[in-house]
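# give me the fold of what follows.
(one chain, ligands or ions: 2)
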Amino acid sequence: MSKDFAGGCACGDIRYEISGEPMAMVDCQCRDCQLKSGTGHSSYLAFPRAGVKLTGAATHWDLVADSGNVKTRAFCPKCGSPVYLTFPANPGVFVVHAASLDDPGRYKPQFVTYAVRGHAWDKLDPALPKFEKMPPR
Ligand SMILES: [Zn+2]
Ligand SMILES: [Zn+2]
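Ligands and ions are numbered 1, 2, ... in the order given. Purely as a prediction, here's the structure:
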């Protein structure tokens, strides 16, 4: 058993603790992830929702992703940090931003999604598998 993944926003109003291992760790270069991060991609860990303990009230904003699926961004109304993402069509999944972890070094990216949207200046690890959009299921 490894220790729980804990983290939250910059001001500390939103906190999470997650037991269990991530199902996937992904760098995403889609336009939404660029707009949200302010740079070329966002980095995520996806967990089963069942292991998540969440405190604090995030502001939620729904958008239609490049994939056509609705995703709900959750960010802190005070400090503005993006903290997690949920998917109305897939409520069993809870996704956190890698930098929101108390120990961001635990993030180990496995692949890149939406590389088709990537910019030449956003260099990711060349050893990572890259998918133009989402990996095939
Ligand atoms: Zn905050
Ligand atoms: Zn994305």
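
# around residue 67, how many other residues sit close by?
Look at residue 67: counted by other Cβ atoms under 10 Å, it has 12 neighbours. Heads up, the C-betas are built off the backbone N, CA and C, glycines and all.

# who does the most centrally placed residue in the chain bridge with?
When Cα atoms, centre = their mean is applied to the chain, the residue found nearest the centroid is residue 44 (3.1 Å). Counting by DSSP bridges, residue 44 forms beta bridges with residue 26, residue 97.

# and the gap between it and ligand 1?
Per Cβ to the ion, to the nearest Å, residue 44 is found 19 Å from ligand 1.

# that residue reaches residue 23, doesn't it?
No: the pair residue 44 and residue 23 fails to qualify as a contact (Cβ atoms under 8 Å) at a distance of 10.7 Å.

# distance of the residue nearest to residue 121 when sequence neighbours are not counted from residue 14?
Counting by Cβ to Cβ, 6 or more residues apart in numbering, residue 121 lies nearest to residue 40, which is 6.7 Å off, once chain neighbours are set aside. The gap separating residue 40 from residue 14 is 25 Å, by Cβ to Cβ, to the nearest Å.

# where does pLDDT dip in the protein?
1 (pLDDT under 70).

# quick one: name the residues of it near ligand 2.
28, 30, 33 (Cβ under 5 Å from the ion).

# including distance to residue 72 and secondary structure, could those residues go into a markdown table?
Below are the residues of the chain next to ligand 2 laid out as a markdown table (distance: Cβ to Cβ, whole Å; DSSP: H, G, I helix; E, B strand; the rest coil):
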| residue | distance to residue 72 | secondary structure |
| --- | --- | --- |
| 28 | 15 | strand |
| 30 | 15 | coil |
| 33 | 14 | helix |
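
# just these now: which is nearest ligand 1?
Closest to ligand 1 out of the residues of the chain next to ligand 2 is residue 33 (19.8 Å), distances taken as Cβ to the ion.

# surely the closest one meets residue 114?
Yes: using Cβ under 8 Å, residue 33 is in contact with residue 114, at 7.4 Å.

# sounds good, over and out.
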